[in-house]
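*Asks:* with the sequence up front, the predicted model follows.
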Number of protein chains: 2
Amino acid sequence: MTDYPSALLEKAVNEFSRLPGVGRKTALRFCLHLLKLPPAESEELGQTIIRLRTGIRQCEVCHNLSDSSRCSICNDRRRDTSVVCIVESIRDVLAIENTTQFRGVYHVLGGIISPMEGIGPTDLSLPQLEERAAKSTINEFILALPATLEGDTTSYYIYRKLSAVSSATFSTIARGIAVGDELEYTDEITLGRSILNRTPYHSR
Amino acid sequence: MTDYPSALLEKAVNEFSRLPGVGRKTALRFCLHLLKLPPAESEELGQTIIRLRTGIRQCEVCHNLSDSSRCSICNDRRRDTSVVCIVESIRDVLAIENTTQFRGVYHVLGGIISPMEGIGPTDLSLPQLEERAAKSTINEFILALPATLEGDTTSYYIYRKLSAVSSATFSTIARGIAVGDELEYTDEITLGRSILNRTPYHSR
């Protein structure tokens, strides 16, 4: 255990090392880097982190992150609002947007159903999705959830719930993505093709 | 290039990705992690970063980081102030302290002389080291600088300057084969030096 020469430095190292994937050595590198920067630049990072938590909202339609009540995708008139791609997180939205293969809109669940972790339908934006399905004219739901047990369970739950209130068709992204892989880390071509070659959803 | 759904998120990703070794994906992970934390915890990191830059000072004796005018090592009466270990950065201080083998004090240069990068003696705490050598009773200077061309140049520069104002002896940390390493896989320069600088054998 290292004794830091400054309590403030120690506190900063502790704070940084709570970030995902950051150990104490990396945290120290961050701190020493910040100490070398002009004070204004270092303060900028601090201020941005504080504003980030208070300034960012959820899009009231799709639950994507947004600066205003509707996100830039839901506000874009060129997007086809009759095709809704259901994803686990905003990272998946970014990954799919990166492929430029999808012109519909999204619904961000904010997680997937996981009894093991105590995450049920009401912890996610599933009630809002049902409401959206009942109110809007939607022709197709694309289930773009992870190829895991929890992902499949969530897909099936959504299919059962939404097919009761909507006449839309259901599809899943093509299983070109290896089982167990994350959307976020899939290369753009594979991910793009998996959107184009989406297949009808069959409940098993 | 990803279009982030929020300008604030994009700004935060840009800020984070300026940290050493942090790319845009890692920066995004940091941001999404912070967005999931309770607001107070996220704000704490921001505040700590702001305070870090304004609150941390340099020890007036050894140029280590400190919360007050003298660092905890220079303030520690049990340390032997007649042995000064000269290092490049505070990270080297932490590494040596971690060994618990050194009971002297330090002098942190804040870099090494590097004409290629435009770093000269006055960019470092070398004038202060000369002053310290002239004023204090120092018996030994340990040169613990990197085994590179720049490190050797800096060591030689320091030796020339300090031996003019101080009667202290000079030493360098031992260069050799790391404990546990195989001779076979050691580079020729290190192996050569370890033969030239061989030490008397003591049977245990």
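*Replies:* That came in fine, so what should we check first? Because the structure is a prediction, the values reported are computed rather than measured.

*Asks:* got the CA positions of the longest strand along chain A in CSV?
*Replies:* For chain A, the longest strand by residue count, based on DSSP state E, is strand A:80-87. The C-alpha coordinates for strand A:80-87 follow below in CSV (Å, rounded to 0.1, in the frame of the first residue of the first chain):
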residue,chain,number,x,y,z
ASP,A,80,-38.8,6.3,-40.1
THR,A,81,-40.8,6.3,-36.8
SER,A,82,-42.7,3.2,-37.9
VAL,A,83,-39.6,1.0,-37.3
VAL,A,84,-38.5,0.8,-33.7
CYS,A,85,-35.2,-0.8,-32.7
ILE,A,86,-35.3,-2.0,-29.1
VAL,A,87,-31.8,-2.0,-27.5
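
*Asks:* and the nearest residue to A:Val108 once chain neighbours are set aside, what is it in contact with?
*Replies:* Excluding the flanking residues, the one nearest A:Val108 by C-beta to C-beta, 6 or more residues apart in numbering or on different chains is A:His63, at 4.3 Å. Yep, even glycine has a C-beta here, placed from its N, CA and C like the rest. A:His63 sits next to A:His107, A:Val108, A:Leu109, A:Gly110, A:Ser125, A:Gln128 when contact means C-beta atoms under 8 Å, 6 or more residues apart in numbering or on different chains.

*Asks:* and with 7 Å instead?
*Replies:* Shown in contact with A:His63 (C-beta atoms under 7 Å, 6 or more residues apart in numbering or on different chains): A:His107, A:Val108, A:Gly110, A:Ser125, A:Gln128.

*Asks:* low-confidence ranges, chain A, go.
*Replies:* Low-confidence segments of chain A, defined by pLDDT under 70: A:1-2, A:175-179, A:203-204.

*Asks:* that older thread, could I get the contacts of A:His63 in JSON lines, plus columns for distance to B:Met116 and secondary structure?
*Replies:* Listed next are the contacts of A:His63 as JSON lines, based on distance: C-beta to C-beta, whole Å; DSSP: H, G, I helix; E, B strand; the rest coil:
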{"residue": "A:His107", "distance to B:Met116": "55", "secondary structure": "strand"}
{"residue": "A:Val108", "distance to B:Met116": "49", "secondary structure": "strand"}
{"residue": "A:Gly110", "distance to B:Met116": "51", "secondary structure": "coil"}
{"residue": "A:Ser125", "distance to B:Met116": "55", "secondary structure": "coil"}
{"residue": "A:Gln128", "distance to B:Met116": "59", "secondary structure": "helix"}
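
*Asks:* wait, which of the residues you listed is closest to B:Gly46?
*Replies:* Comparing the contacts of A:His63 against B:Gly46 with C-beta to C-beta places A:Gly110 closest, at 23.4 Å.

*Asks:* how much space between the closest one and chain B?
*Replies:* Look at A:Gly110 and chain B: by C-beta to the nearest C-beta, to the nearest Å, they are 10 Å apart.

*Asks:* do the same with A:Asp80
*Replies:* Distance, A:Asp80 to chain B, using C-beta to the nearest C-beta: 17 Å.

*Asks:* leaving out sequence neighbours, find the closest residue to that residue.
*Replies:* Among residues not flanking A:Asp80 along the chain, A:Gly104 sits closest, at 4.8 Å (C-beta to C-beta, 6+ apart).

*Asks:* repeat for A:Ala168
*Replies:* Nearest to A:Ala168 is A:Ile138, by C-beta to C-beta, 6+ apart, at 4.7 Å.

*Asks:* please parse chain A into its domains.
*Replies:* For chain A, the structural domains run A:7-55, A:79-200, going by automatic domain parsing.

*Asks:* just the terminal-to-terminal distance for the first one.
*Replies:* In terms of C-alpha to C-alpha, to the nearest Å, the two terminal residues of domain A:7-55 are separated by 30 Å.

*Asks:* just give me how far it sits from the chain centre.
*Replies:* On the basis of C-alpha atoms, centre = their mean, to the nearest Å, domain A:7-55 sits 24 Å off its chain's mean C-alpha point.

*Asks:* ok, now the longest one?
*Replies:* Averaging C-alpha coordinates over domain A:79-200 and over its chain gives two centres that are 11 Å apart (C-alpha atoms, centre = their mean).

*Asks:* ok, now stretch A:53-67?
*Replies:* Offset of stretch A:53-67 from its chain centre (C-alpha atoms, centre = their mean): 12 Å.

*Asks:* flag every buried residue along it.
*Replies:* The neighbour-count check on stretch A:53-67 (16 or more other C-beta atoms under 10 Å in any protein chain shown) flags A:Arg53, A:Ile56, A:Arg57, A:Gln58, A:Cys59, A:Val61, A:Cys62, A:His63, A:Asn64, A:Leu65, A:Ser66, A:Asp67 as buried.

*Asks:* taking these one by one, which sit in helices?
*Replies:* Judged by DSSP state H, helices contain the following of these: A:Arg53.

*Asks:* which one of the buried residues of stretch A:53-67 is nearest B:Ile189?
*Replies:* Distances from B:Ile189 to the buried residues of stretch A:53-67, taken by C-beta to C-beta, are shortest for A:Arg53, at 51.5 Å.
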